[in-house]
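Dropping the sequence and predicted coords here.
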Amino acid sequence: MAGSGLEPFGRIILNDEQLAGLKTPCFVVNEARIEENLKVIDRVQKEAGCKILLAFKGFAMWSLATLVRKYLPGVSASSVNEAFLGREEFGGEVHVYAPAYSENDMNTHVRLADHIVFNSPAQWEKYSPLIKINPHISAGLRINPEHSEVETKIYDPCAPFSRLGTTHKNFIENLDKLSGIEGLHFHNLCELNSDSLERTLAVVEEKFGFFFSKIKWINFGGGHHISRSDYDVDRLIRIIKEFRSKYSLQVYLEPGEAIALNCGVLISEVLDVMNNEMEIAILDTSATTHMPDVLEMPYRPAVLNAGEPQKKSFTYRLGGPSCLAGDVIGDYSFDKPLKPGDRLTFGDMAHYSMVKTTTFNGVNLPSIYIYNSDNNEIRLVKHFGYEDFKGRLS
C-alpha cells in the first residue's frame with residue numbers, strides 16, 4: 001500500500017496513559033479519519049453524479065451512523081439483520097442482496113428494503129409476485145461478468161464455478177423471465193483501483209449492454225479502494241460520467257472497506273513470552289477470533305514500531321490465546337524485548353475485522369473505542385463479556 005508507513009494506523013498514536021486506560025483487546029476507530037474518507041467518497045458522488053452506499057459486510061459500526069448519514073444516501077445489506085440495522089440506525093436507502101433468500105427472509109426484506117437484488121432468474125421468478133405488490137421496491141438481478149481482477153480466489157466472485165451472479169449464458173436463456181427487473185448489479189473487485197473497474201465495465205457493456213435500455217439503475221458493487229492514497233479518483237469519476245452519458249442510468253457503488261480504510265487499530269496486550277526454538281509472545285488477541293482475514297486471506301498486518309523478522313534486534317512469533325494450533329498472527333521484530341503487559345498496536349483494523357469477530361473458545365470480543373485525532377479524545381463505546389458469549393448459544 002502506498003503512502004506513509006504510519007498510514008495503516010490512522011493517526012491513532014496513543015500515549016502511555018491512554019494505552020494503560022484501555023480494556024484490551026480493543027478496536028479503536030478514529031472518527032476524524034472516517035470523515036476524511038467520507039469526504040473523498042462524497043467528492044466522487046458529487047462530481048460523477050452517482051450514489052455510494054455503505055456496505056455493511058465491510059464496516060457496520062452503527063455508533064458512527066450519524067456521521068455516515070451526513071455523506072452517504074444509504075446502505076447495502078446482505079441479510080435481514082443488516083437490513084434492520086440499516087433501516088433503524090442509518091436511514092436512507094436500504095439495498096439488499098443475497099445469493100438466495102428464504103421465504104421468511106423475503107417477507108421481512110419487503111418491509112425494510114428499497115432495492116432487492118436477486119442472484120438468479122429462478123429466485124426472481126419465485127418472489128416477483130411478492131415484489132410486485134410492494135411497489136416501493138425496485139428489483140435487480142446480479143450478473144456475473146466472468147471477468148476476474150482479484151488474485152486471491154476466495155475473494156473472487158468471478159472465479160470458475162462461482163455461485164455469485166447470473167452468467168451471460170443463463171441470462172440469455174432466461175430473458176423471457178426478467179420482466180419487472182429494473183436494475184443490474186455486478187461485483188468482482190477486492191481492494192482494487194479504478195483501472196480494474198474500467199476493464200470490468202467494458203466486459204459488462206459487451207455482454208449485457210443490450211439490456212441497459214430496459215433498466216433504471218446499475219450497481220457497480222464494491223471492492224473500490226477509493227480512499228487509498230494511490231487510488232485514481234479522477235479516473236473513477238471519468239469512468240462513471242462517461243457511462244452515465246451513454247446510458248442515462250442511475251449508478252450505485254457500495255464499498256465497505258473504503259469508508260473505514262486506515263481508520264482503526266486493534267490494541268493487544270502481551271500475556272506471556274515463551275521459547276520453542278524461537279521466541280513466542282502470546283497475546284490477548286487472536287487471529288482466528290479477532291482478525292480472521294490474517295488466516296483466510298492470508299496477510300500479515302502491520303504492527304506499530306515493529307519490523308520484518310530479524311530486521312530489528314528481537315524477533316517474536318505473535319500468537320493468540322485460543323487452542324487452535326494455527327492461531328498465529330505472524331513473525332515480527334522489535335527494538336526491545338517483549339514482556340508481559342506490553343501493548344501492541346495492529347494497523348488498519350476498522351474494516352472487516354470488527355464484523356468478522358467470533359467467540360470461539362469463549363475468547364472475549366474486543367472492546368470498541370472511538371478516538372478523535374482532532375481533539376485527542378477517546379471514549380469507550382462497547383465492552384463485551386460473558387453475557388455476549390452466552391447469548392449466542394443455547
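Looks like it arrived, so ask away.

Now do stretch 7-24: distance to the chain's middle.
Stretch 7-24 sits 23 Å away from the centroid of its parent chain (Cα atoms, centre = their mean, to the nearest Å).

And that stretch, end to end?
Its start and end residues considered, stretch 7-24 measures 22 Å (Cα to Cα, to the nearest Å).

Nearest to the spatial middle of this structure, which residue is it?
Nearest residue to the geometric centre of the chain (Cα atoms, centre = their mean): Gly58, 1.7 Å.

so who does that one touch?
Counting by Cβ atoms under 8 Å, 6 or more residues apart in numbering, Gly58 makes contact with 222, 255-257, 259-260, 351-352, 355. Where you see a C-beta, it was placed from the backbone N, CA and C, and this is true even at glycine.

do Pro321 as well
For Pro321, the contacting residues are 271, 282-286, 327, 361, 363, by Cβ under 8 Å, 6+ apart.

Next one, pLDDT for it please.
On the pLDDT scale, Pro321 is placed at 98.

What of Pro255?
For Pro255, pLDDT reads 96.

how near is it to Asp388?
Distance of Pro255 to Asp388, given as Cβ to Cβ, to the nearest Å: 29 Å.

For the two, indicate the residue with more neighbours.
Ranked by neighbour count (other Cβ atoms under 10 Å), Pro255 and Asp388 place Pro255 first, with 28 against 13.

Hmm, Ala55 and the more buried one touching each other?
Yes - using Cβ atoms under 8 Å, Pro255 makes contact with Ala55 at a distance of 6.2 Å.

Quickly list what's touching both of these two.
Contacts common to Pro255 and Ala55, judged by Cβ under 8 Å, 6+ apart, are Gly222.

Would you show me how to pick out the buried ones of the contacts of Pro321 in ChimeraX?
Those of the contacts of Pro321 that count as buried under 16 or more other Cβ atoms under 10 Å are selected in ChimeraX with:
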select :271,282,283,284,285,286,327,363
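
Which parts of the stretch 151-300 of the chain are strands?
Here the stretch 151-300 of the chain has its strands, by DSSP state E, counting those that start in this stretch, at 183-185, 217-219, 250-253, 264-275, 279-283.

returning to what we had before: for Pro301, state which of the contacts of Pro321 is nearest.
Taking Cβ to Cβ as the measure, Thr285 is the one of the contacts of Pro321 closest to Pro301, at 10.5 Å.

on that earlier part again, nearest spatial neighbour of the residue nearest to the centre of the chain, skipping sequence neighbours?
Closest residue to Gly58 apart from its sequence neighbours, by Cβ to Cβ, 6 or more residues apart in numbering: Gly256 at 2.0 Å.

hang on, Asp105 is in a strand, isn't it?
No - according to DSSP: H, G, I helix; E, B strand; the rest coil, Asp105 belongs to no strand; its state is helix.

Could I get the contacting residues of the closest residue to it other than its chain neighbours?
The shortest distance from Asp105 to any non-neighbouring residue, by Cβ to Cβ, 6+ apart, is to Val80 (5.2 Å). Counting by Cβ under 8 Å, 6+ apart, Val80 touches 105, 108-109, 112.

which of these count as buried?
Buried members of the contacts of Val80, counted by 16+ other Cβ under 10 Å: 108-109, 112.

Inside strands: which ones of the residues you listed?
Using DSSP state E, no member of the buried ones among the contacts of Val80 falls in strands.

Among these, name the ones in helices.
Among those, DSSP state H puts 108-109, 112 in helices.

Among those, which one lies nearest to Cys158?
Closest approach to Cys158 among those (Cβ to Cβ): His109, at 25.5 Å.

for that closest one, what are its contacts?
If you count contacts by Cβ under 8 Å, 6+ apart, His109 has them with 80, 83, 96, 101, 116.

cool, and Leu344?
267-270, 283, 303-304, 306, 318.

okay, among these, which ones form the most distant pair?
For those, the farthest-apart pair by Cβ to Cβ is Glu269 and Ala306; their separation is 15.1 Å.

Who has more neighbours out of the two?
Ala306 (23 against 18).

how much space between Ile226 and Ser148?
Plainly put, Ile226 is 21 Å away from Ser148 if you go by Cβ to Cβ.

again, but for Val355
Counting by Cβ to Cβ, the gap from Val355 to Ser148 is 25 Å.

repeat for Lys246
Counting by Cβ to Cβ, the gap from Lys246 to Ser148 is 25 Å.

Show me which of those two is the more surrounded one.
A count of neighbours by other Cβ under 10 Å puts Ser148 above the other of Lys246 and Ser148, at 16 against 11.

which ones are touching the residue nearest to Phe84 when sequence neighbours are not counted?
Of all residues not flanking Phe84 in the chain, Leu112 sits nearest, at 6.5 Å (Cβ to Cβ, 6+ apart). Neighbouring residues of Leu112 by Cβ under 8 Å, 6+ apart: 80, 83-84, 86-87, 94, 96.

What's the per-residue pLDDT of Leu112 here?
97.

Likewise for Thr152?
Looking at Thr152, its pLDDT is 89.

Can you verify my assumption that it contacts Leu189?
No - assessed by Cβ under 8 Å, Thr152 is found out of contact with Leu189, at 11.8 Å.
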